[in-house]
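> With the input below, show me the fold.
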Amino acid sequence: MKPIAIFALMSFLAFPVLAHARAERVPKLDVAGSCREAKGFGTTDPGQTYKNCMLAETQAKRQLEKNWAHFKPSTRRDCRAAGAYPSPSYVELLTCIEMTEQTLIPQSTESGGMGGGMGGGGALGSPPPRPSLAPGPRAMPR
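Below you'll find the predicted structure:
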């Protein structure tokens with residue numbers, strides 16, 4: 001086979017892998033525009049509001065980049081819209097992913113059924129789930 005044909009075949013076979021790798025990256029969002037819009041909603045100096053916004057966005061992006069491969073592909077796909085609309089935000093994207101992934105994690109029953117940690121039940125200090133109602137007059141439909 002000629003070298004050009006081999007190169008073309010290898011490129012053709014590698015393209016889906018490269019496209020998949022590109023799709024698996026944290027999306028690029030224009031958060032500067034969102035933070036400029038947020039300047040009018042701050043209770044402090046507009047310049048400081050912008051700086052705080054950009055700091056939060058940078059930290060959220062770093063956390064997403066660090067953990068992106070660990071999130072479920074369906075969660076990443078479903079939360080892209082939350083991060084992009086109406087105002088692009090890595091904070092919104094990260095929040096969506098964390099909330100979605102948290103609902104998929106079963107409550108721990110270690111440490112006497114309280115799940116350990118501060119606050120009782122689940123990760124991030126969430127309270128334990130409420131117990132089911134016992135059968136009785138209040139639980140019966142009327």
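> what are the ranges of the helices in the chain?
3-23, 31-38, 46-67, 73-84, 90-104 (DSSP state H).
> Verify the contact between residue 26 and residue 63 for me.
No - taking contacts as Cβ atoms under 8 Å, residue 26 lies outside contact range of residue 63: 9.7 Å. C-betas here are computed from N, CA, C, even on glycine.
> Those two: which is more packed in?
Neighbour tally, residue 26 and residue 63, criterion other Cβ atoms under 10 Å: the higher count belongs to residue 26, 20 against 16.
> residues touching the more buried one, list them.
Taking Cβ atoms under 8 Å, 6 or more residues apart in numbering, we find residue 26 in contact with 61, 64, 65, 68, 90, 93.
> Apply 10 Å and report the result again.
For residue 26, the contact set (Cβ atoms under 10 Å, 6 or more residues apart in numbering) comprises 60-68, 76, 80, 83, 90, 93-94.
> can you list contacts of stretch 60-80?
Against stretch 60-80 from outside (Cβ under 10 Å, 6+ apart): 23-29, 31, 83, 89-101, 103-104.
> could you redo the last one with a cut-off of 8 Å?
Taking Cβ under 8 Å, 6+ apart as the rule, stretch 60-80 contacts 24-27, 31, 89-91, 93-94, 96-97, 100-101, 104.
> Point out where this structure drops to low pLDDT.
In the predicted model of the chain, residues 1-23, 104-142 satisfy pLDDT under 70.
> make it 80
For the chain, applying pLDDT under 80 flags the ranges 1-24, 42-44, 103-142.
> Quick one: neighbours of residue 69, just the number.
If you count neighbours by other Cβ under 10 Å, residue 69 ends up with 10.
> Same question for residue 99.
Residue 99 has 12 nearby residues by other Cβ under 10 Å.
> any idea how far it is from residue 48?
Separation of residue 99 from residue 48 (Cβ to Cβ, to the nearest Å) stands at 28 Å.
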